[in-house]
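Asks: Okay, sequence plus prediction incoming.
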Amino acid sequence: MPERLRIGVIGASWYSDLRHLPALKNHPHADTVAICDVINDRAEEMDWFSGMKPKEAHLMLGISEIYRHEGQIAAIPSVEKRIQGT
């Protein structure tokens, strides 16, 4: 197993913002590298609880890629695990 898993999160709901993403950020063996939601604005505006602008929130969480369809995350070879956050 790699020292740190590269994670893609499917679903950018308020719950992901409140629970999944902060937990992954603090996990010693996880790097969240991508997020998607069928409602594109939701994935881009993951700042409901942080109070930051969307791009700042993504940078703080280390998320470099934003997608609209889960198939796009599934197609990224470097994403080792996906979490269904919806």
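Replies: Perfect, I can see it now.

Asks: Now do the same for V9: its pLDDT.
Replies: Here the pLDDT value assigned to V9 is 88.

Asks: Determine the three-state secondary structure at R19.
Replies: Here R19 is helix, with the state taken from DSSP: H, G, I helix; E, B strand; the rest coil.

Asks: How many neighbouring residues does it have?
Replies: Using other Cβ atoms under 10 Å, R19 has 13 neighbouring residues. Every C-beta, even on glycine, is put in place using the N, C-alpha and C of the backbone.

Asks: which residue is nearest the middle of the chain?
Replies: Nearest to the mean C-alpha position of the chain, counting by Cα atoms, centre = their mean, stands I35 at 3.7 Å.

Asks: Go ahead and confirm that one touches I7.
Replies: No: the pair I35 / I7 is not scored as a contact, 9.5 Å apart, by Cβ atoms under 8 Å.

Asks: Any regions of this structure where pLDDT drops low?
Replies: For the chain, applying pLDDT under 70 flags the ranges 1-2, 40-60, 86.

Asks: just the helices in it please.
Replies: 14-15, 21-26, 40-44, 54-61, 70-74 (DSSP state H).

Asks: coming back round to it: just give the closest residue to the residue nearest to the centre of the chain, not the sequence neighbours.
Replies: Spatial nearest neighbour of I35, excluding adjacent residues (Cβ to Cβ, 6 or more residues apart in numbering): V9 at 4.6 Å.

Asks: cool, V79 as well?
Replies: G8 (4.2 Å).

Asks: so I83 bridges to which residues?
Replies: Beta-bridge pairing for I83 (DSSP bridges): V9.

Asks: got it, and I66?
Replies: Beta-bridge partners, per DSSP bridges, of I66: I35.

Asks: from what I can see it touches V33, true?
Replies: No: taking contacts as Cβ under 8 Å, I66 lies outside contact range of V33: 10.8 Å.

Asks: Tell me who's in contact with the residue nearest to P28 when sequence neighbours are not counted.
Replies: Counting by Cβ to Cβ, 6+ apart, R4 is the residue found nearest to P28 once chain neighbours are left out, at 7.9 Å. For R4, the contacting residues are P28, H29, A30, D31, by Cβ atoms under 8 Å, 6 or more residues apart in numbering.
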